[in-house]
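>>> A structural model of the following input is requested.
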Amino acid sequence: MHLTERYINTARYEGSDNSRDVRWDDAPKGLGLRIYPSGRKAFVLLYRNAHGVKRLPTIGDVTTWKLEAARKEARRLLVNVDGQADPLADRRQERLEAKTGTVKALFIAYVEARTKDAHRKMKRPEAVLWYAEKFIYPTFGSRPWRDVRRSEVRAWHAGIKKSYNANRALQALRAAFYWRLWQEDDSAGNRRRESDTRNPCAGIELRTEIRRQVRLERSELPKLLEAIDSETADPYLRAYFRFLLQTGCRRSEALKLKWSDVTLAPKPAEGTKVAEASPSTVTFKDTKAGADHTVPLSGTAATLLRGLTRLERNPYVFVGRVAGQHIESPSKAWQRIRKRAGLEKLRIHDLRRTFGSWLGDAGFTSKQIGSTLGHKSDITSRVYMALGDQSKRAAVDAVEKMMEGKTATVAKLPASA
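I've put the predicted structure just below:
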């Protein structure tokens, strides 16, 4: 077929079920007019690259390209194809370079891609971006990413005051560089070459970290509870901190907890043992471990949640100041609370560490503690489930007793577990 401007103007889509409809020109060979179901028309070029793979890039829309200009562009591209070039691949590479030119642009594109990746979804992009804004962007943000040198990265890593922050920032930057290199790597397989010397972060060792061993001692609990009540008038904030103590959950898990994921048993009648009532539970969705995690509530924790007012059009348990949202940042309130309690080194996450360590004090095994806290485990799912059903209840009840100043005992599991 010999395309003409008149034919282009009058041609209509003739495909079915959104199939491809292309009308091919006789010269140059490979130039075509693609007509979309929507009525849009564009010039395309069919060719095979050096590996024999068919490509069909779009030259341009007929509203902006005349036929002769499209033929001229097609001939130019075909000359490049004869010279082993791949115009479509080159165009994609140009777009990628434009999107990831600087370290900051690259990092933003990396986080965006990983957040949308269904197979390797980034769990806490806000934390990764925090390290970027705090440590990476000030030094490398405006630099072209290909110009960053290993010696510069090594000096930057060594200059960050705290080893923990230095290591997390380095790991984040290293992962972003590997992601970018992988976008243009056509080597076989899916495994990234973690020692790729093209990455300026490769080969730089992490600094030694001293693990924090801060926990709340039982003798300090009354001071903390008094400070929680004294330093905030917000009932949801007070309940939030007490809930962390009662369940040992992660701070973000509690913040995002919705009423739809809470099962509260009817309040037991006076004289009825709590164990006889249906158990109250909460389910934390999409946890750091990669799966939902259901935890039984102690009687105190269940009573705590029953005392909270549920607001219309707000699905969250711990309601924030913004309508329809949960508490955004409890950190300012926590600063006041720990200062009043004289526990200025105690972080919010240390409440989770306290929960686990108190269980250890009571004699619970690491498997029981890990099951209750939702840690990843190498044991089989059958054993994990057996521990979950029998030990989680005993674990949260044990912490409740210890908070009341009583002695907790370890629940004995059946021999089959």
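
>>> alpha carbons only for contacts and neighbour counts from here, please
Will do.

>>> give me phi/psi at residue 61?
phi -70, psi 150 (degrees, to the nearest 10).

>>> OK, contacts around it?
Residue 61 makes contact with 40, 41, 42, 43, according to Cα atoms under 8 Å, 6 or more residues apart in numbering.

>>> quick one: which of those residues is most hemmed in?
residue 43 (24 neighbours; other Cα atoms under 10 Å).

>>> tell me how many other residues surround residue 122.
17.

>>> ramachandran angles for residue 99?
Dihedral angles (degrees, to the nearest 10) for residue 99: phi -80, psi -20.

>>> count of neighbours near it?
With other Cα under 10 Å as criterion, residue 99 counts 13.

>>> how near is it to residue 105?
According to Cα to Cα, to the nearest Å, residue 99 stands 6 Å off from residue 105.

>>> circling back: among the contacts of residue 61, which are in helices?
Assignment to helices by DSSP state H places none of these there.

>>> of those, which is the nearest to residue 109?
residue 42 (29.2 Å; Cα to Cα).

>>> tell me the pLDDT at the closest one?
Model confidence at residue 42, given as pLDDT, is 93.

>>> OK, contacts around the most centrally placed residue in the chain?
Centroid-nearest residue in the chain: residue 123, 1.8 Å away (criterion: Cα atoms, centre = their mean). By Cα under 8 Å, 6+ apart, residue 123 lies in contact with 115, 288.

>>> and it, which of the three is it?
What DSSP: H, G, I helix; E, B strand; the rest coil gives for residue 123 is coil.

>>> so how far is residue 167 from it?
Applying Cα to Cα to residue 123 and residue 167 gives a distance of 18 Å.

>>> again with residue 259
Residue 259 is 37 Å from residue 167, by Cα to Cα.

>>> same question for residue 228.
33 Å.

>>> what's the answer for residue 38, then?
52 Å.

>>> more neighbours: the two, which one.
More crowded of residue 38 and residue 167, by other Cα under 10 Å: residue 167, with 19 against 9.

>>> contact partners for that one?
157, 206, 207.

>>> wait, what's in contact with the last one?
With Cα under 8 Å, 6+ apart as the criterion, the residues that contact residue 207 are 163, 164, 166, 167.

>>> host element of the second one?
The reference is to residue 164. helix 163-183 (DSSP states H and E).

>>> returning to what we had before: for the residue nearest to the centre of the chain, what are phi and psi?
Torsion angles, degrees, to the nearest 10, at residue 123: phi -80, psi -40.

>>> same check, this time on the one 4 residues further on
Note on residue 127: backbone dihedrals following degrees, to the nearest 10 are phi -70, psi -40.

>>> burial count for it?
Count around residue 127 with other Cα under 10 Å applied: 10.

>>> give me the pLDDT for it.
Value for residue 127, per-residue pLDDT: 88.

>>> for residue 185, same thing?
On the pLDDT scale, residue 185 gets 62.

>>> same question, residue 408
75.

>>> tell me which helix or strand the closest residue to it other than its chain neighbours sits in.
Closest residue in space to residue 408, ignoring its immediate chain neighbours: residue 398 at 5.0 Å, by Cα to Cα, 6 or more residues apart in numbering. Per DSSP H and E, residue 398 falls inside helix 381-403.

>>> re earlier: and the gap between the residue nearest to the centre of the chain and residue 291?
Residue 123 is 11 Å from residue 291, by Cα to Cα.

>>> before we move on, what SS does the residue lying closest to residue 154 once chain neighbours are set aside have?
Once flanking residues are discounted, residue 154 sits nearest to residue 204: 6.6 Å by Cα to Cα, 6+ apart. At residue 204 the chain is in coil, as set by three-state DSSP.

>>> count of residues packed around residue 204?
The burial count for residue 204: 15, using other Cα under 10 Å.

>>> wait, it sits on residue 152?
No. Using Cα atoms under 8 Å, residue 204 makes no contact with residue 152, being 11.1 Å away.

>>> circling back: can I get the contacts of residue 61 in TSV with distance to residue 145?
Shown next, in TSV, are these (distance: Cα to Cα, whole Å):
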residue	distance to residue 145
40	38
41	38
42	35
43	35
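
>>> list the ones among those residues that fall in strands.
Counting by DSSP state E, the contacts of residue 61 place 41, 42, 43 in strands.

>>> redo those residues as TSV? Include distance to residue 132.
Shown next, in TSV, are the ones in strands among the contacts of residue 61 (distance: Cα to Cα, whole Å):
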residue	distance to residue 132
41	43
42	41
43	42
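
>>> quick check, nearest of the residues you listed to residue 27?
residue 43 (13.2 Å).

>>> how near is the closest one to residue 11?
Distance from residue 43 to residue 11, by Cα to Cα: 13 Å.

>>> one more: residue 314?
54 Å.

>>> what of residue 36?
Residue 36 is 11 Å from residue 11, by Cα to Cα.

>>> residue 120 too?
For residue 120 relative to residue 11 (Cα to Cα), the value is 45 Å.

>>> those two - which one has more neighbours?
Counting neighbours by other Cα under 10 Å for residue 120 and for residue 11 shows that residue 11 has the greater number, 13 against 10.
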